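# Here is a sequence with its predicted model. Questions after.
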Amino acid sequence: MGNILLLNLIVLLYLIVIGYLGYLGYRGTKNAEDYLVAGRQIHPYVMALSYGATFISTSAIVGFGGISALYGMGLLWLAFLNIVVGIFIAFVVYGKATRRLGARLGAQTFPELLGKRYNSRFIQGVVGLVIFLAMPLYAGVVLIGGARFLQEALRIDYNVALLVFSVIIALYVVLGGLKGVMYTDALQGSIMLLGMIVLLLVTYIKLGGVIDAHRALTDMADKVPSALVAQGHRGWTAMPEFGSQWWWVLVSSLILGVGIGVLAQPQLAVRFMTVKSNVELNRAVLIGAVFIMLTVGVVYIVGPLTNVYFMREVGKLSIQMTVSPEAPKGNVDQIIPKYISMAMPNWFVYIFMLTLLSAAMSTLSSQFHTMGSALARDFYEGWLEKGSARGTVFITRLGIVITILISVVLAYRLPPNIIARGTAIFFGLCASSFLPMYTFALFWRRVTRAGAIAGMLGGLALTIFWLVFIHAKEASAFGICRAIFGRDFLISSHPWPVVDPIVVALPISTAVTALVSLVRGSQESGS
């Protein structure tokens, strides 16, 4: 009873503070610019934590944490890219250019930035529509991550967890706009830092210290299941065999897909437009880098080490602990929740519950805000030329409600082991469709509207084609290829069925954007 009372008090206090911060955002929102880009006056600490908390969600902690338990510490290369690309290059290179261009053009969303740069309502509308239609997949897997932990830790129904998540997030996003989102992100990011630091320390204490824990994990290489060895798995402290199936999935889908795709994330790019000068971005770099190191860096270490804990306690590997009738091969999305509930004291389960709540809510709030603004500002007002600036806030709020409902439905219907893969699909889709024209918009004056459209549509079409007809996992699940050609995927020779779409689509969309721009000349080049 005491534990339940303590839990209820912690959650109640947390929700009160979140509600108050959302109210501050609501009170400080006077117009569309306040609602969409927080008035361009956000403090660098708030901006950095909001960016990091939006970037690092339950998909990173639960989904990729579970993936690291299966693949090993090779996933730390993703943490390296998250810091170098996702923070340093994103803030110093892309962030400064984005802030300048956004302020000069008066852009208030990522699609509007691209649309105004290329003087194209079509680009603004299509980018907004792609975000509105595709981002619910990402939001759905984030919802799954939080709900799975609540289900495991609190022994509550999965459906109840989804409902609670959705209602709370909807309230402060719909009312508070981006100011409310960023204020709550800063608090949630701080809680995430505390939770992850404690998780790492307690894990090492339980496993006998840093050296003993990692030595034990290295010595477990002979326990890798034979089926995984055949695919290239060489142990949890070694990279997979170069060129093997295991290597291609780890490197192309998980490391490159998310590590590069972060640069074209609409909900992250808009953060650069919320500060008033480059000075704030410079100050935010160190904060952001430390945040990433202490969140994903920690979980990609703890994930593989869960194998040591479970092997010592029950004689099973982490993935074997999650085998069920619904997931006969195990469900990586349940590894971290199960480890926390079994290995950690009750007081930490409550702290980590707040960590995951914070991770999920910070990311979801930004996703819903981005999807709502994509529907209202970019598709409805921008492309269709309907509505007005005053109506933008109302349509955005309506769009948020719609996307929340879509994301919840997806969270009910998506299969096991989907969190990390769903995240990688969305990040890769954004990179292949948006990154070339976004990069050229910032740094190449000769890029043309025709080049941007050709590259965007080419990258989008090639990514969808690859997922439906080439990449084995998705092609088999969709069933379209089998219905048309009588086989699960078109190319069976290694490594193509396990090569992520980003490896092919991003270079081609970049080349198409550049070549079409050069052929058409500079007459359509933006200012």
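Cool, got the structure.

# which strands and helices sit next to the helix or strand harbouring Met311?
Assigned by DSSP states H and E, Met311 belongs to helix 278-314. Contacts defined by 3 or more CB pairs under 8 Å, 6 or more residues apart in numbering; DSSP states H and E place helix 278-314 against helix 44-55, helix 65-71, helix 76-83, helix 96-105, helix 158-206, helix 210-218, helix 335-343. For glycine as for every other residue, the C-beta is placed from the backbone atoms N, C-alpha and C.

# can these go into CSV with extra columns for distance to Ala441?
Converted to CSV, the helices and strands packed on helix 278-314 look like this (distance: least, CB to CB, whole Å):
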stretch, distance to Ala441
helix 44-55, 20
helix 65-71, 33
helix 76-83, 23
helix 96-105, 7
helix 158-206, 22
helix 210-218, 45
helix 335-343, 38
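
# Highest mean neighbour count out of these?
Mean neighbour count, computed with mean count of other CB atoms under 10 Å, is highest for helix 65-71 among these, reaching a mean of 29.

# Give the other helices and strands that it contacts.
Helix 65-71 sits against helix 278-314, helix 335-343, helix 419-443, with contacts defined as 3+ CB pairs under 8 Å, 6+ apart.

# Run a quick neighbour tally on the closest residue to Ile87 other than its chain neighbours.
Excluding the flanking residues, the one nearest Ile87 by CB to CB, 6 or more residues apart in numbering is Gly288, at 4.4 Å. Gly288 is flanked by 29 other residues according to other CB atoms under 10 Å.

# next one: Gly125
A total of 21 residues lie near Gly125 under the criterion other CB under 10 Å.

# these two touch, right, it and Gly382?
Yes: here Gly125 reaches Gly382: they are 5.7 Å apart, a contact under CB atoms under 8 Å.

# shared neighbours of these two, anything?
Shared contacts of Gly125 and Gly382, defined by CB atoms under 8 Å, 6 or more residues apart in numbering, are found at 111, 115.

# coming back round to it: tell me which of the helices and strands packed on helix 278-314 sits nearest to Pro436.
With distances scored as CB to CB, the stretch of the helices and strands packed on helix 278-314 nearest to Pro436 is helix 96-105 (15.0 Å).

# From the chain's centroid, how far away is the closest one?
Counting by CA atoms, centre = their mean, to the nearest Å, helix 96-105 is centred 24 Å from the centre of its parent chain.

# what angle separates that helix from helix 419-443?
60 degrees (axes from the mean of the first three to the mean of the last three CA atoms, to 10 degrees).

# does the residue nearest to Thr403 when sequence neighbours are not counted sit in a helix or strand, and which one?
Using CB to CB, 6+ apart and skipping residues adjacent in sequence, the residue nearest Thr403 is Met371, 4.0 Å away. Here Met371 sits within helix 346-373, counting by DSSP H and E.

# So which elements touch that helix?
Identification of packing neighbours for helix 346-373 by 3+ CB pairs under 8 Å, 6+ apart yields helix 2-27, helix 44-55, helix 58, helix 121-154, helix 158-206, helix 266-269, helix 335-343, helix 389-413.

# Tell me how many other residues crowd the spatially closest residue to Gly451 that is not a sequence neighbour.
Nearest non-adjacent residue to Gly451, counting by CB to CB, 6+ apart: Ser517, 3.2 Å away. Residues contacting Ser517 under the criterion other CB under 10 Å number 24.
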